[in-house]
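Student: Build the 3D model from these lines:
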Amino acid sequence: MTPAELRVTIAELGMTQVGFARVAGVNPATVRRWLAGSRRIPGPIPALIAALRAGHQNSPRRSRSKAPSR
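Tutor: Purely as a prediction, here's the structure:
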């Protein structure tokens, strides 16, 4: 996984870098280093992303329309 792919994925999941760091169990500075390309993105991160995507796709979507008032 490249830094650009990770950046796009974090955005697609609707997460911030800090939020992704929390889920990944790393310091936010580590995520910044991955995105900057100064640190290699470790192998377990793509597996974590796959799990997050699966959960994201299966989560119920909130309707933007308001419920009728009574």
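Student: how far away is the most centrally placed residue in the chain from Ser38?
Tutor: Geometric centre of the chain, nearest residue: Ile10, 3.5 Å, by CA atoms, centre = their mean. From Ile10 across to Ser38, the span is 17 Å (CB to CB, to the nearest Å). All C-beta atoms are positioned from the backbone trio N, CA, C, and that covers glycine.
Student: returning to what we had before: quick check: nearest residue in space to the residue nearest to the centre of the chain, chain neighbours excluded?
Tutor: Phe20 (5.0 Å; CB to CB, 6 or more residues apart in numbering).
Student: Can you give me the end-to-end span of stretch 34-48?
Tutor: End-to-end distance for stretch 34-48, by CA to CA, to the nearest Å: 15 Å.
Student: buried residues in it?
Tutor: Trp34, Leu35, Ile41, Ile45 (16 or more other CB atoms under 10 Å).
Student: What values do phi and psi take at the residue nearest to the centre of the chain?
Tutor: When read as degrees, to the nearest 10, the backbone of Ile10 gives phi -60, psi -40.
Student: Offset the numbering so it begins at 76, please.
Tutor: Noted, 76 is the first residue going forward, which turns the last one into Ile85.
Student: what sits against it?
Tutor: Shown in contact with Ile85 (CB atoms under 8 Å, 6 or more residues apart in numbering): Thr91, Gln92, Phe95.
Student: pLDDT score assigned to it?
Tutor: pLDDT, Ile85: 97.
Student: For Arg97, grab the count of nearby residues.
Tutor: 14 (other CB atoms under 10 Å).
Student: Helix or strand next in line after the helix or strand containing it, which one?
Tutor: Assigned by DSSP states H and E, Arg97 falls within helix 92-99. Counting by DSSP H and E, the next helix or strand C-terminal to helix 92-99 is helix 103-111.
Student: contacting residues around that following helix?
Tutor: Contacts of helix 103-111 (CB under 8 Å, 6+ apart): Pro78, Leu81, Arg82, Gln92, Val93, Phe95, Ala96, Ala99, Arg114, Arg115, Ile116, Ile120.
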